[in-house]
Every structure is written in structure tokens, then in C-alpha cells.
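Participant: Model the following, please.
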Amino acid sequence: MAEPKKRLVVVGDRVLITPEEGEERTNVGLYLPPTAVDHQAVQSGRIVATGPGQPLSAPTEIDDEPWKRTASGEPRYLPMQADVGDYALFFRKAAVEITFEGKQYLVVPQAAILVLVRAGDVIDELTS
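Facilitator: Residues are numbered from 1 along each chain as shown. Below you'll find the model as predicted:
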């Protein structure tokens with residue numbers, strides 16, 4: 001019997017990022033050791049999955065557990081600003097590195113993301 005396919009489910013207001021490799025070479029062609037790359041405060045990568053967002057309670061409920069289902073049965077979330085496929089620049093120290101099925105990913109809270117780059121955004125106009 002075949003083993004069921006596993007998948008990662010991102011929870012809350014976190015994103016799953018495929019990290020971009022750090023700059024290993026300077027503009028003039030010098031190779032940098034990994035310790036020099038690790039001292040950068042920010043990192044970048046492509047977002048491959050997002051969580052549903054920050055859980056919200058119903059406005060009429062006063063409860064310490066906002067993730068509970070409302071009377072309608074559906075959980076409510078403050079939506080994520082990040083989308084799958086966005087290119088993100090984020091604080092390196094906030095990221096948690098994981099390995100899933102031989103691939104390395106970073107789990108980053110949305111609050112640690114500094115900038116998102118999307119195709120067709122203002123960034124395209126600024127760089128051209």
C-alpha cells in the first residue's frame with residue numbers, strides 16, 4: 001500500500017519561503033565565506049505557501065480563544081498581505097529554518113516581512 005502524500009500546512013499569519021542563496025561573490029568577483037553572508041540582517045526568497053491569517057473572534061463574542069468557530073461554524077481571519085509567488089525581503093533573525101522531504105524552507109511571521117515584490121507592482125515602474 002502506498003504511503004499517503006504529505007504536505008505542509010502553514011498556520012496563522014506565517015509564510016513558507018524558499019530561501020534565495022546569499023551573495024557569495026562581490027561585484028568585483030571576490031568570493032565571500034558563508035560567515036560573511038550570515039551577518040546580513042535581511043534575507044530574501046520566494047513565498048511558496050501562506051497561512052490563513054491572524055485569527056479573529058466574532059465582534060459580538062468576548063472570548064480568550066479567537067480561533068474557536070463562530071456561531072456560523074466558520075473561523076474568521078484577518079487576511080494575509082503576502083501571496084504565493086511574491087518575492088519577500090524579511091528579517092533573517094525572525095525566520096525558522098525547516099527541512100521537508102529534502103528541501104529547505106524558512107517559516108517567517110508576516111510581521112517580519114519588510115517588502116513584497118509582485119509582478120506588475122510599483123516596483124516594476126521604479127526599476128525601469
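
Participant: Beta-bridge partners for residue 88, please?
Facilitator: Beta-bridge partners of residue 88, counted by DSSP bridges, are residue 45, residue 116.

Participant: how many other residues sit next to it?
Facilitator: 22 (other CB atoms under 10 Å). Glycine gets a C-beta too; all of them are placed from N, C-alpha and C.

Participant: got the contact list for it?
Facilitator: Residues counted as contacts of residue 88 (CB atoms under 8 Å, 6 or more residues apart in numbering) are 15, 17, 44, 45, 46, 47, 82, 108, 113, 115, 116, 117.

Participant: Which stretches in the protein count as strands?
Facilitator: 14-19, 42-50, 54-56, 76-78, 87-91, 96-100, 103-109, 113-117 (DSSP state E).

Participant: closest one to residue 4 among those?
Facilitator: If you check each of the strands of the chain against residue 4 by CB to CB, strand 96-100 wins as the nearest, at 15.1 Å.

Participant: Let's see the pLDDT reported for the residue nearest to residue 17 when sequence neighbours are not counted.
Facilitator: Nearest residue to residue 17, sequence neighbours excluded (CB to CB, 6 or more residues apart in numbering): residue 45, at 4.0 Å. Residue 45 is assigned 90 on the pLDDT scale.

Participant: pretty sure residue 45 is touching residue 106, no?
Facilitator: Yes - between residue 45 and residue 106 there is a contact at 6.4 Å, judged by CB atoms under 8 Å.

Participant: Output the below-cut-off pLDDT ranges for this protein.
Facilitator: By pLDDT under 70, the weakly predicted segments of the chain are 1, 21-39, 57-73, 120-128.

Participant: redo that, cut-off 80
Facilitator: Applying pLDDT under 80 to the chain picks out residues 1-3, 21-40, 56-76, 119-128.

Participant: number of nearby residues for the residue nearest to residue 91 when sequence neighbours are not counted?
Facilitator: Excluding the flanking residues, the one nearest residue 91 by CB to CB, 6+ apart is residue 112, at 4.6 Å. The local packing of residue 112 (other CB under 10 Å) involves 16 other residues.

Participant: List the contacts of residue 112.
Facilitator: 90, 91, 94, 95.

Participant: Also residue 108?
Facilitator: Per CB under 8 Å, 6+ apart, neighbours of residue 108: 14, 15, 17, 88, 90, 94, 95, 96.
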